[in-house]
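Peer 1: 3D, please:
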Amino acid sequence: MSGQHLPADHSLGDANTIGGYAKVHGRPAAFDGSDGLSYSVELCVDQVNDAGTQWAAYLLFLRWRRIGASGVEGHLETDYLARATTPDAARAALAAFPLQTARGFLEQRIAETAPVPARRWFDVMRDESDLPDVDPHGGDAQVGDAQVGDAQVGDPQVGDPQVGDPQVGDPHGGHAPERSTRHDVLHD
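Peer 2: Got it, this is the predicted structure:
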């Protein structure tokens, strides 16, 4: 049941193992991964031969959504970690693994599958604070550069029409409309 707190019953097993934790707490173990996401762990078993005499168990880590409605948004899984002649024996062998071992497998799978960002957001922010002041018009601002109001004789003034400036009422901004020269039309 969602939202119901059940007290742990330590008489049911060793809460330091994967299977024992699930019995003691009535829910699967969960971990915060190094990628900042939450995972719960499930014990899974597959038949690994056609005769049904060989079974293998692995860990399935369910990745939970951070944003929006609660739910699973992905998963990671290990290779086969335990083998036995019955599914229950394979599951029991895996259930005896310590929680720290399961966490180690999770971190290994995160490292193998998650892309590593080039820079962390806080490194970017720190680096941007070291940038020099830049002129918003494209050049580096330097001490002694001309400022607004330092116009020289012969410099164009605000409002003086320049060659190529759009004329008032010209719907094309002073230029004739360009014709498309693309010839890459798709044909069936």
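Peer 1: quick one: the strands in the chain?
Peer 2: With strands called from DSSP state E, the chain shows them at 30-32, 38-47, 55-64, 72-77, 82-84.
Peer 1: shaky segments in the protein?
Peer 2: Residues of the chain that meet the criterion pLDDT under 70 lie in 1-4, 116-118, 127-188.
Peer 1: helices of that one, residue ranges please.
Peer 2: With DSSP state H, the ranges of helices along the chain come out as 18-25, 87-95, 99-113, 121-128.
Peer 1: what's the closest of those helices to residue 45?
Peer 2: Closest of the helices of the chain to residue 45 is helix 87-95, at 4.5 Å (criterion: Cβ to Cβ). For the C-beta atoms, the positions are set from N, CA and C on the backbone; glycine is no exception.
Peer 1: what's in contact with the closest one?
Peer 2: For helix 87-95, contacts defined as Cβ atoms under 8 Å, 6 or more residues apart in numbering pick out 17-20, 22, 43, 45, 47, 55-59, 81-84.
Peer 1: looking at the strands of the chain, which is buried most?
Peer 2: strand 55-64 (a mean of 20; mean count of other Cβ atoms under 10 Å).
Peer 1: and that strand with strand 38-47, angle?
Peer 2: Angle, strand 55-64 to strand 38-47, by axes from the mean of the first three to the mean of the last three Cα atoms, to 10 degrees: 160 degrees.
Peer 1: strand 55-64 packs against which elements?
Peer 2: Contact partners of strand 55-64 among helices and strands, from 3 or more Cβ pairs under 8 Å, 6 or more residues apart in numbering; DSSP states H and E: strand 38-47, strand 72-77, strand 82-84, helix 87-95, helix 99-113.
Peer 1: please redo it, this time with the cut-off set to 10 Å
Peer 2: For strand 55-64, the packing partners by 3 or more Cβ pairs under 10 Å, 6 or more residues apart in numbering; DSSP states H and E come out as strand 30-32, strand 38-47, strand 72-77, strand 82-84, helix 87-95, helix 99-113.
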